[in-house]
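**Q** sequence and predicted structure, then a few things I'm wondering about:
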2 protein chains.
Amino acid sequence: MTKEEILQVLREKNDYVSGEYLAESLGVTRTAIWKQIHTLIKEGYVIDSQQNKGYRLVGVPDRLYASEVKYGLQTKLLGKRVVHFNVTTSTNIVARQMAEEGVEEGTVIVAETQTRGKGRLGRKFITKGGGVWMSVILKPNIDPMHASSITLMAAVSVTKALRGMGLEAVIKWPNDVFVNGKKICGILTEMSAETDIVNFIILGIGVNVNNDIPLETATTMKAELGKEVSRVRFIQALLEELEEDYLTFKEKGFTPILWNWRRFSDTLGRPVEVSCQDEKIRGVAQDVDEDGSLIVKLTDGTVKKIVSGDCRHLKNIKEK
Amino acid sequence: MTKEEILQVLREKNDYVSGEYLAESLGVTRTAIWKQIHTLIKEGYVIDSQQNKGYRLVGVPDRLYASEVKYGLQTKLLGKRVVHFNVTTSTNIVARQMAEEGVEEGTVIVAETQTRGKGRLGRKFITKGGGVWMSVILKPNIDPMHASSITLMAAVSVTKALRGMGLEAVIKWPNDVFVNGKKICGILTEMSAETDIVNFIILGIGVNVNNDIPLETATTMKAELGKEVSRVRFIQALLEELEEDYLTFKEKGFTPILWNWRRFSDTLGRPVEVSCQDEKIRGVAQDVDEDGSLIVKLTDGTVKKIVSGDCRHLKNIKEK
């Protein structure tokens, strides 16, 4: 018997449930029930206890516990297993270790705070309490050359989840999600692969929800909506969008995903400056190809294909 | 003081060296020297010990100990650190763990035997005693899309090392090395990457040297040359070729490597059958492009680009 099972009974009944009933239906002693109720209360669940009536669930904590994330989640693959941390180094690090050990596809690692949250290219990524910091373990049967598709797909799924909450989210190439010109989500994909085949992909997604952000260039769902958001509801919506897009990707390939990417993109048609390893390329973003590369038309008319880099949107092509 | 330091003194002197001299020059007691000499003898070193003369190195064991591999090795990067196992699961597994922990580029893991030696796509790879089973940790500053270059490069380096020992080695696409129509080397590349950048590549190389092979489709250096080969000398030659090719790749890119690949290839110009995920493609192998993909001209004249698959050489296009 786990505390999750007790929670489930309390939720289903939505009324007082006697300790005796819980003990009997879960096949344990009343003392064991009492101990787990105590643990739940310590975790922040509000459980009213009355002498003759038993226990009743009155409130749930603002935590991304596995039991909360999974309760009512409409997915089959993603989130079948959820591992929660109050604090961890980084959910991507934990996910990678678990994936190396052979954990099943769809496992989700989520943390309230991270001590070593990181962004692309080893950059620091601020991940205080109140946000959604999670990693999803995927095992697509694809060539490592096509792994960037998963990153672009994630940007599409996040955008859809944010739009579902009433935010006008857009994508900046390759995979940043912006609202009102400010960054609201970062995605960091890591993979382990052989020459022919991907072993696993860790899809790390950080979304600013109710957390405070000290940067002018970033925003949060709370700031944009003017109120706190249920992180559990949001993470569920996000996992549902991700699963839908992932299944589409597996069945029909990248093309339908790419069409949504183009639809949500704020980069296409704009003057941009892309910083690659050694150079800065300026031009107008024309399209994204099947590899996820950005096609940029320079002022001299030549067309460049940019596999990776940092993209800055410009007001006009001559902006400093 | 390490046993490697004692070995080095014994090698340099190439004569009897007194325990007193060893103790003084290495700054330890004679008892400490005696203990390490004892360890070396247990490892298979033949050290003659004479009352008034001291110790003399008479023979070295047929083992790929770090001290042996590094003695006389003409490289700067590869093999600066060598980690040796009598038995391990697989050198790729160990190398990946070490790379995750941040070990430096060029570290080489080598094992006498592996219990879980594996080939491409999770296939079993027989790795008994007498072969060279090793993994090299590389950290090239490249996009993961270009990681297959490293695999093709390794096939070139192995071929050069084998030719240096007098064997007519050739490459079968993408990275098998054959002598007299039989496989002599397998290469398994694994990588850890983000969307933009490779974190590390594990280059796993298994070469049949003096080991017994129960397969008719495979051969060994010993079988082809009619005599045992010094595994230490071969691994040194291989590391030297790898380093040369790796530095060329980093400085000048993949093109010069690819020219050598083409030169050593036994696939180009031949009728081939390539098994991809769902289909078998038959045609004549025309070229390999900058991605390492095989370009095949089908009988109907169409040209196909094959990113990955199993390639079988045919005598003629209609072979069963």
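**A** Sure, I can see it. Numbers count the residues shown, from 1 in each chain, chains lettered A, B, ... in the order given.
**Q** can we go C-alpha only for contacts and neighbour counts from here?
**A** Fine.
**Q** how about the one residue in the stretch 201-320 of chain A that gets nearest to chain B, what does it touch?
**A** The nearest approach of the stretch 201-320 of chain A to chain B comes at residue A:308, 5.8 Å away (Cα to the nearest Cα). Each residue near residue A:308 by Cα atoms under 8 Å, 6 or more residues apart in numbering or on different chains is listed here: A:174, A:276, A:293, A:294, B:196.
**Q** filter those residues down to the buried ones.
**A** By neighbour count, with 16 or more other Cα atoms under 10 Å in any protein chain shown, these hold A:174, A:293, A:294, B:196 as buried.
**Q** CSV for these, including pLDDT?
**A** Rendered in CSV, the data for the buried ones among the contacts of residue A:308 read as follows (pLDDT from 0 to 100):
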residue, pLDDT
A:174, 90
A:293, 90
A:294, 93
B:196, 80
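**Q** so of these, which ones are in strands?
**A** Assignment to strands by DSSP state E places the following of these there: residue A:294.
**Q** want to throw the buried ones among the contacts of residue A:308 into a markdown table with distance to residue B:29?
**A** Shown next, in a markdown table, are these (distance: Cα to Cα, whole Å):
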| residue | distance to residue B:29 |
| --- | --- |
| A:174 | 63 |
| A:293 | 64 |
| A:294 | 67 |
| B:196 | 54 |
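**Q** max pairwise distance over the buried ones among the contacts of residue A:308: which two?
**A** A:294 and B:196 (13.2 Å; Cα to Cα).
**Q** could you pull out the strands for the stretch 101-250 of chain A?
**A** Assigned by DSSP state E, counting those that start in this stretch, the stretch 101-250 of chain A shows strands spanning A:108-114, A:132-138, A:169-172, A:176-179, A:182-194, A:198-207.
**Q** what's the closest of those to residue A:249?
**A** With Cα to Cα as the criterion, residue A:249 lies closest to strand A:132-138 of those, at 12.2 Å.
**Q** contacts only, for residue A:47.
**A** Residue A:47 makes contacts with A:37, A:41, A:55, A:56, A:57, A:58, A:59, as judged by Cα under 8 Å, 6+ apart.
**Q** among these, which ones are buried?
**A** Judged by 16+ other Cα under 10 Å, buried ones among those: A:37, A:55, A:56, A:57.
**Q** is it true that the third one lies in a helix?
**A** No: assigned with DSSP: H, G, I helix; E, B strand; the rest coil, residue A:56 falls outside any helix and is strand.
**Q** and it, how far from chain B?
**A** Separation of residue A:56 from chain B (Cα to the nearest Cα, to the nearest Å): 47 Å.
**Q** make sure that residue is actually in contact with residue A:22.
**A** No: counting by Cα atoms under 8 Å, residue A:56 does not reach residue A:22; the two are 11.5 Å apart.
**Q** the contacts of residue A:308 into TSV, with extra columns for distance to residue B:237?
**A** Below are the contacts of residue A:308 laid out as TSV (distance: Cα to Cα, whole Å):
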residue	distance to residue B:237
A:174	43
A:276	37
A:293	40
A:294	43
B:196	33
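**Q** re the thing from before, of the buried ones among the contacts of residue A:47, closest to chain B?
**A** Among the buried ones among the contacts of residue A:47, and counting by Cα to the nearest Cα, the member closest to chain B is residue A:37, at 40.2 Å.
**Q** helix or strand for that closest one, just tell me which one.
**A** helix A:30-42 (DSSP states H and E).
**Q** paired strands for the next helix or strand after that helix, with orientation please.
**A** Next helix or strand after helix A:30-42 toward the C-terminus (DSSP H and E): strand A:46-50. Take DSSP bridges as the rule and strand A:46-50 pairs in its sheet with strand A:54-59 (antiparallel).
**Q** mind giving me the packing neighbours of whichever helix or strand comes after the partner strand?
**A** Where DSSP H and E defines the elements, the next helix or strand beyond strand A:54-59 is helix A:66-70. Helix A:66-70 sits against strand A:82-88, helix A:231-252, with contacts defined as 3 or more Cα pairs under 8 Å, 6 or more residues apart in numbering or on different chains; DSSP states H and E.
**Q** adjacent strands (with direction) for the first one?
**A** When pairing is defined by DSSP bridges, strand A:82-88 lines up against strand A:108-114 (parallel).
**Q** export the partner strand to CSV, keeping only CA atoms.
**A** The C-alpha trace of strand A:108-114 is given here as CSV (Å, rounded to 0.1, in the frame of the first residue of the first chain):
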residue,chain,number,x,y,z
VAL,A,108,9.2,12.2,-16.5
ILE,A,109,11.6,13.8,-14.0
VAL,A,110,10.4,17.0,-12.3
ALA,A,111,11.9,19.2,-9.6
GLU,A,112,10.7,22.2,-7.6
THR,A,113,14.2,23.7,-7.8
GLN,A,114,17.5,22.8,-9.4
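**Q** quick one: contacts of that strand?
**A** Residues outside strand A:108-114 that contact it (Cα under 8 Å, 6+ apart): A:63-64, A:78-79, A:81-92, A:94-95, A:127-137.
**Q** of those residues, grab the buried ones for ChimeraX.
**A** A single ChimeraX command selects the buried members of the contacts of strand A:108-114 (16+ other Cα under 10 Å):
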select /A:63,64,78,79,81,82,83,84,85,88,90,91,92,94,95,127,128,129,130,131,132,133,134,135,136,137
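**Q** bridged to the closest residue to residue A:264 other than its chain neighbours, which residues?
**A** Leaving aside its chain neighbours, residue A:264 sits nearest to residue A:170 (5.2 Å; criterion: Cα to Cα, 6 or more residues apart in numbering or on different chains). Beta-bridge pairing for residue A:170 (DSSP bridges): residue A:178.
**Q** near residue A:170, how many other residues are there?
**A** By other Cα atoms under 10 Å in any protein chain shown, 29 other residues sit near residue A:170.
**Q** what separates it from residue B:286, distance-wise?
**A** Distance from residue A:170 to residue B:286, counting by Cα to Cα, to the nearest Å: 44 Å.
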